[in-house]
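Novice: Okay, predicted coordinates and the sequence, questions at the end:
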Amino acid sequence: MMANWIKHTRQAGLAGLAVFASAAAAQAQATPSGHSFFWELQDASALIGWSIVFEPDGSVTKQTSYIYHDGTPNQDQGPDPIGQWSLGSDGSVSVDWLHDAATHCDAWPAYAPGSLDAVPDGDCWLPDEIRTYISEGAIGGFDG
């Protein structure tokens with residue numbers, strides 16, 4: 001079964017993501033709780049999709065989907081735990097990644113549905129793994 005988020009990602013991500021900018025979007029949100037992000041990368045053998053969710057319990061999970069070009073059945077993996085996030089008393093957010101260096105945001109970025117590129121300092125929490133995906137051409141965004 002192909003995950004619904006990869007269908008949404010493919011439609012929204014490849015059709016072009018709209019970014020809604022407003023004065024309110026410039027203000028930091030207090031917590032990443034419940035927020036989900038996605039990336040998809042067109043590889044030579046498959047469309048590879050990643051969904052990262054900041055769970056309300058403080059965990060961070062990742063689901064990976066593969067849509068193969070050669071007719072191989074689609075494959076879904078996860079959701080798997082990949083880290084823990086915590087909120088500091090000053091409003092800062094730290095993420096301890098299981099397989100990557102910890103990251104820190106002075107305040108959680110104010111995201112609006114769409115591309116992550118339009119959010120000033122919106123990548124403060126990204127681990128090296130996702131930065132590598134982006135350098136390889138992954139398209140990413142925020143679902144809410």
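Specialist: Looks like it came in fine. Numbers count the residues shown, from 1 in each chain.
Novice: Number of residues surrounding the residue nearest to residue 82 when sequence neighbours are not counted?
Specialist: The shortest distance from residue 82 to any non-neighbouring residue, by C-beta to C-beta, 6 or more residues apart in numbering, is to residue 62 (4.6 Å). (Each C-beta comes from the backbone N, C-alpha and C, glycine too.) Each residue near residue 62 was counted by other C-beta atoms under 10 Å, and the total is 19.
Novice: Distance from the chain centre to stretch 93-110, please.
Specialist: Relative to its parent chain, stretch 93-110 has a centroid offset of 13 Å by C-alpha atoms, centre = their mean, to the nearest Å.
Novice: With stretch 122-137 instead?
Specialist: The chain centre lies 9 Å from the centre of stretch 122-137; the measure is C-alpha atoms, centre = their mean.
Novice: Could you pull out the buried residues of it?
Specialist: Within stretch 122-137, the residues that count as buried by 16 or more other C-beta atoms under 10 Å are 122, 123, 124, 125, 126, 127, 130, 133, 134.
Novice: Just flag the most distant two among the residues you listed.
Specialist: Spatial extent of those (C-beta to C-beta) is set by the pair 124 and 133 at 16.8 Å.
Novice: quick one on the thing from earlier: for the residue nearest to residue 82, name its beta-bridge partners.
Specialist: Under DSSP bridges, the beta-bridge partners of residue 62 are residue 52, residue 80.
Novice: could the buried residues of stretch 122-137 be laid out in CSV, adding secondary structure?
Specialist: Conversion of the buried residues of stretch 122-137 to CSV gives the following (DSSP: H, G, I helix; E, B strand; the rest coil):
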residue, secondary structure
122, coil
123, coil
124, coil
125, coil
126, coil
127, coil
130, helix
133, helix
134, helix
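Novice: ok, so of those residues, who is nearest residue 31?
Specialist: residue 125 (12.1 Å).
Novice: Let me see the confidence value for the closest one.
Specialist: Residue 125 is assigned a predicted lDDT (pLDDT) of 93.
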